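In: return atomic coordinates for the entry below.
(one chain, ligands or ions: 1)
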Amino acid sequence: HLNNAALMARRRAAMPTGLGQTYDIVADRAENAEVWDVEGKRYIDFAGGIAVLNTGHRHPKIVEAVKAQLDKVHHTCFQVLAYEPYIDLAERLIAKAPGDFQKKAFFLTTGAEAVENAVKIARAATKRSAIIAFGGGFHGRTLLGMGLTGKVAPYKAGFGPFPAEIYHAKYPNALHGVSEADALASIESLFKYDVEAERVAAIIIEPVQGEGGFYAITPSFAQALRALCDRHGIVFIADEVQTGAGRTGTWLACEQWGVAPDMITMAKSMAGGFPISAVIGKASLMDAPGPGGLGGTYAGSPLACAAALAVLDVFEEENLLERSKSIGARLVAGLKKMAGAHKEIVDVRGLGAMVAIELFKDGDVHKPDADLTKRLCAEAARRGLILLSCGSYANVVRVLVPLTASDALIDEGLAIMADAFKAVA
Ligand code: PMP
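Out: Prediction:
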């Protein structure tokens, strides 16, 4: 007698409006890339808990690792009593991060916290205060995260004042008329009009904007940022919370740049659904804060460390980086076919399996179609496919299907999406 509507009524009465709800669906159980709701209806999961489930729901290896850890030690607070999985995980993540320099790593619980800590370290190391982030970027819902985030509604509206000394440059986005040269010029404008380069501690950028709409920067743009940071002694931070852990076809998206950032933030899929985030960075910067300046009660929980180690094993055993590339190619091909039948789909893009379509009224790039995007997602859910939208104009449909999903399931999801599109277009 559990049903979605009754639970949603209780949910609405007990929870604040600000906690949004994409679908009026209550999950009951899940496995790999499928979810069943409390009424027994099955869904194909193209949302992956917002980029958290690259290894799928309840991967047996991850479940087993967490159960084993639960029987050994489940909390000490790492700063009080250390435990080996934390140390193992730091070493393995350091080994996978690009850059020919000594690195250190430590753990927090959420993506926003990882971002906050990267900024804290950059400030402590440079003794500078200002931070440059990008329009359309998303870095979390804490006060500093909101400040760095480059989108007012809904993330910042009503929540100010924000921390001082945060500046936004333009993120390159050819589809919306921002060239790489425009983006670089916008940083030079900040130096000219707002803040001297010598006072900027860090530049933080997503290799592919996630919430902002799945726009990727090119290796040459990353190289230009690297050179600019080197010129001015600025710390270069890659926020890989959404792109990291194999989503883009490499473990980290910044591996594709040909230059290394000084610091990397990770969260989401790094532990396959268990709450943990990471900051990995140049040792000379990471050691700037004094003892006690970094950490957190739950930060780097033994259970989440065990899960994250299992995720690393699963990536190797199941060749998930190759799979990320092939799933990406399959999705792009399927979505391009869909685009051929619907002029509203103006762009199909992807880096590895971080794939999206962008919708415009009459196929006109000046008319982003948020309404069609909403209707498409709702119709797909009715037909048993969970999709997520994103984008500064709320007109992007993104796919974050588990990398462990079969081709058959992905094709089934694409077919539902195509039918849903026909029904709403
Ligand atoms: N940075 C990026 C790039 C993200 O995509 C997100 C989450 N969508 C965050 C930071 C914040 O992560 P969390 O919600 O775990 O705080």
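In: for the ligand, give me its nearest residue in this structure.
Out: Closest to the ligand within the chain is residue 111: 2.2 Å, counting by Cβ to the nearest ligand atom. Just so you know, the C-beta spots here come from the backbone N, C-alpha and C atoms, and that holds for glycine as well.
In: for this protein, longest helix please?
Out: helix 320-341 (DSSP state H).
In: can you give me the neighbour number for residue 341?
Out: Around residue 341 there are 11 other residues, counting by other Cβ atoms under 10 Å.
In: ignore the last one, residue 252
Out: 25.
In: can you check the one 10 residues further on too?
Out: Close neighbours of residue 262, defined as other Cβ under 10 Å, add up to 26.
In: need the contact list for it.
Out: By Cβ atoms under 8 Å, 6 or more residues apart in numbering, residue 262 lies in contact with 99, 122, 229, 235, 236, 237, 281, 282, 285.
In: those: which two are farthest apart?
Out: 99 and 122 (15.4 Å; Cβ to Cβ).
In: the two: which is more packed in?
Out: Set residue 99 next to residue 122 and count neighbours by other Cβ under 10 Å: residue 122 wins out with 26 against 18.
In: in what helix or strand does the more buried one lie?
Out: Residue 122 belongs to helix 111-126 when assigned by DSSP states H and E.
In: domain-wise, how is the protein divided?
Out: Following automatic domain parsing, one finds the domains of the chain at 4-58+319-424, 73-317.
In: tell me which of those sits most buried.
Out: By mean neighbour count, with neighbours taken as mean count of other Cβ atoms under 10 Å, domain 73-317 ranks first of the domains of the chain at a mean of 20.
In: could you dump the domains of the chain into JSON lines and include distance to residue 67?
Out: As requested, the domains of the chain are exported to JSON lines (distance: least, Cβ to Cβ, whole Å):
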{"stretch": "domain 4-58+319-424", "distance to residue 67": "11"}
{"stretch": "domain 73-317", "distance to residue 67": "9"}
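In: turn those into TSV, including mean pLDDT.
Out: Output for those, formatted as TSV (pLDDT from 0 to 100):
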stretch	mean pLDDT
domain 4-58+319-424	98
domain 73-317	98
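In: among those, which is nearest residue 66?
Out: Nearest of those (Cβ to Cβ): domain 73-317, 5.3 Å.
In: one step back: residues making contact with the following helix or strand past the longest helix of the chain?
Out: Using DSSP H and E, the helix or strand that follows helix 320-341 towards the C-terminus is strand 345-351. With Cβ under 8 Å, 6+ apart as the test, strand 345-351 has contacts from 175, 207-208, 214-216, 243, 248-249, 253, 256, 328, 331-332, 335-336, 338-339, 355-360, 363, 365, 421.
In: any part of strand 345-351 near the ligand?
Out: No - Strand 345-351 does not reach the ligand (Cβ under 6 Å from any ligand atom); its nearest approach is 13.8 Å.
In: and that strand, how far out from the chain's middle?
Out: On the basis of Cα atoms, centre = their mean, to the nearest Å, strand 345-351 sits 18 Å off its chain's mean C-alpha point.
In: tell me the residues of the stretch 51-200 of the chain that contact the ligand?
Out: 110, 111, 112, 115, 138, 139, 140.
In: just the closest of the residues you listed to residue 86, please.
Out: residue 110 (16.8 Å).
In: hmm, the closest one is touching residue 145, no?
Out: No - with contact defined as Cβ atoms under 8 Å, residue 110 does not reach residue 145; the gap is 9.0 Å.
In: and the helices in the protein, which stretches?
Out: Under the criterion DSSP H, the chain contains helices at 4-14, 48-51, 60-70, 84-96, 111-126, 143-148, 180-193, 219-232, 283-286, 302-317, 320-341, 370-382, 407-424.
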